[in-house]
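Asks: need a structure here:
(chains A, B and C)
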Amino acid sequence: MAVQRDLENNKIGNTLNKIYDKLLGAFGPQEWWPAESGFEVIVGAILTQNTAWGNVEKAIAVLRERNLLTPSALHEAPLEVLAESVRSSGCYNLKAARLKAFSDFLNCRHGGDLDEMFRRDGESLRRELLSVKGIGEETADAILLYAGRYPTFVVDAYTRRVLLRHQLIPSHAGYGDIRHFFMSTLARDEGLYNEYHALFVKVGKEFCRRRVPLCGSCPLM
DNA sequence: TGCCAGGCCGGGT
DNA sequence: ACCCGGCATGGC
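Replies: Numbers count the residues shown, from 1 in each chain, chains lettered A, B, ... in the order given. Purely as a prediction, here's the structure:
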């Protein structure tokens, strides 16, 4: 029974490795996350929730212009200033509040020090992040992986859609199921998870958008 | 012109 | 335990 499951996992693991090789071969390294600091990664992770990255870039440019891309500066900025700064990323009142919520968390729990925060072990830090209002599973994993370089797999809408279209997961699979799917079958490698998720976003943007059917020129076909 | 984008929360079944 | 509406700008 356990042996059978292991074989199954191994088959899936091979499949996931093949997909990775195809994507990397087709698109090359993606050099993620596009940011100049770990703190900027976190800000971007919050701003990009259900939002096109281009709109986030504009918001980050405004924050940089106003010297708000540091923990202390962000923490001291009035909510209205934040909201107005990140307007282009949509849902701006909500996101300003979420940036503040993270900022408060960082100050209260980690003395406003990112390096200190990232000294915590991954599992407990993940739970801490999930307790912050506005940080859900994907955002928490993105922060852990791309800002803290922890080996945790980030599952997003593209990941789910690509896997569904290629019938590699059942339609009822939840976030945790898919994350476990990768982490239990692939090596626990931060570099691999980093590249893999970035490649999913790349192939998703090009070939797996919402109402676009499977396309013959997709490298996974 | 609508639909969609690298989600998350709160309230309702 | 799910399901849904709200949040909101900018690009195609």
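
Asks: pull the number of nearby residues for the closest residue to DNA strand B within chain A.
Replies: In chain A, the residue that lies nearest DNA strand B is residue A:136 (2.4 Å; C-beta to the nearest atom of the strand). Quick note: C-beta positions are derived from backbone N, CA and C, even for glycine. As a burial measure, residue A:136 scores 13 neighbours (other C-beta atoms under 10 Å).

Asks: same check on residue A:94?
Replies: Residue A:94: 14 neighbours (other C-beta under 10 Å).

Asks: OK, contacts around it?
Replies: residue A:134 (C-beta atoms under 8 Å, 6 or more residues apart in numbering).

Asks: what helix or strand is it located in?
Replies: Using DSSP states H and E, residue A:94 falls within helix A:92-110.

Asks: list the contacts of the residue most central in space within chain A.
Replies: Chain A has residue A:142 as the residue nearest its centroid, 3.2 Å off, counting by C-alpha atoms, centre = their mean. Listed by C-beta under 8 Å, 6+ apart, the contact set of residue A:142 reads A:33, A:41, A:45, A:154.

Asks: swap in 7 Å and give it another go.
Replies: A:45, A:154 (C-beta atoms under 7 Å, 6 or more residues apart in numbering).

Asks: distance check, residue A:65 against residue A:25.
Replies: Using C-beta to C-beta, to the nearest Å, one obtains 39 Å as the distance from residue A:65 to residue A:25.

Asks: correction: residue A:167
Replies: Residue A:167 is 22 Å from residue A:25, by C-beta to C-beta.

Asks: same deal with residue A:148?
Replies: With C-beta to C-beta as the criterion, residue A:148 and residue A:25 are 29 Å apart.

Asks: if we can go back for a sec, does the helix holding residue A:94 come close to DNA strand B?
Replies: Yes - for helix A:92-110 and DNA strand B, the contact criterion (C-beta under 7 Å from any atom of the strand) is met by residue A:94.

Asks: avg pLDDT for that helix?
Replies: Averaging pLDDT along helix A:92-110 gives 98.

Asks: the next helix or strand after it: how far from the chain's middle?
Replies: Per DSSP H and E, the first helix or strand lying C-terminal to helix A:92-110 is helix A:114-117. Distance, stretch centre to chain centre, for helix A:114-117: 19 Å (C-alpha atoms, centre = their mean, to the nearest Å).
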